[in-house]
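Undergrad: sequence-free structure coming up:
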């Protein structure tokens, strides 16, 4: 069963963040809270953990994984942001948005959309999620924790434990600041497209 790691929602404890980081460095998969429900996360390039996400979520090859960053400056290493979209992304981060953009060569091909070579990228407005990324020292490969055949993201640690606690080694117990999944915005072209209406105002992308 998964170990529950309780992290304070305002002042995350360094010793508990270190426990999460140790698991990430070992290539393990964790569930952690964000501003849009729970997500599954692991180290970029952790092949076994990526396959676990596919198994848990029943995703196909066209599924867009996401790079979870803690600050805007990290995005440029992993995605290509066009000049028209630069200010748009910056104005909406941190926040409950996932932006689909062309990936750079820093990311493994198995993370990317097989035909478009695109990836999701986001910066959550959530203290614990960003603290984990900061403590780890690099972005996470992540995916919203939505179970197969369902539309709603899991929102409580006890629910995550009940549903998938037997499949993952650790669950971060922290405050949830959103009950809906992110809004997904396609920025592969200069004209944005809203692919999923979720948490967050999407009027700027219409």
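TA: Perfect, thanks for sending it. Values in this document were obtained by computation on a predicted structure and should not be read as measured data.
Undergrad: wait, is residue 55 part of a strand?
TA: No: applying DSSP: H, G, I helix; E, B strand; the rest coil, one finds residue 55 to be helix, outside a strand.
Undergrad: which residues of this protein score low on pLDDT?
TA: For the chain, no stretch has pLDDT under 70.
Undergrad: how many residues are close by the closest residue to residue 12 other than its chain neighbours?
TA: Spatial nearest neighbour of residue 12, excluding adjacent residues (CB to CB, 6 or more residues apart in numbering): residue 131 at 4.1 Å. C-beta coordinates here come from the backbone N, C-alpha and C atoms, glycine included. The local packing of residue 131 (other CB atoms under 10 Å) involves 23 other residues.
Undergrad: what's the answer for residue 102, then?
TA: As a burial measure, residue 102 scores 16 neighbours (other CB under 10 Å).
Undergrad: give me phi/psi at the residue lying closest to it once chain neighbours are set aside?
TA: Spatial nearest neighbour of residue 102, excluding adjacent residues (CB to CB, 6+ apart): residue 80 at 4.5 Å. For residue 80, the backbone dihedrals (degrees, to the nearest 10) come out as phi -100, psi 120.
Undergrad: thinking again about what came up before, show me which residues of the helix or strand harbouring the residue nearest to residue 12 are buried.
TA: Taking DSSP states H and E as the criterion, residue 131 maps to helix 127-136. Using 16 or more other CB atoms under 10 Å as the test for burial, helix 127-136 gives 127, 128, 129, 130, 131, 132, 133, 135, 136.
Undergrad: swap in stretch 23-36?
TA: 23, 24, 28, 29, 30, 31, 32, 33, 34, 35, 36.
Undergrad: quick check: residue 194 touching residue 204?
TA: No: contact criterion CB atoms under 8 Å: residue 194 and residue 204 do not qualify, at 10.0 Å.
Undergrad: between the two, who's got more neighbours?
TA: residue 194 (15 against 12).
Undergrad: how about the contacts made by that one?
TA: Listed by CB atoms under 8 Å, 6 or more residues apart in numbering, the contact partners of residue 194 are 183, 184, 185, 186, 202, 205, 206.
Undergrad: what's next to whichever strand or helix holds residue 99, contact-wise?
TA: Per DSSP H and E: residue 99 is located in strand 97-102. Contact partners of strand 97-102, identified using CB under 8 Å, 6+ apart, comprise 64, 66, 79-81, 85, 89, 116-122, 182-188, 195, 200.
Undergrad: keep only those of the residues you listed that are in helices.
TA: 85, 89 (DSSP state H).
Undergrad: please pick the buried ones from the contacts of strand 97-102.
TA: Applying 16+ other CB under 10 Å to the contacts of strand 97-102 flags 64, 66, 79, 81, 85, 89, 118-122, 182-188, 200 as buried.
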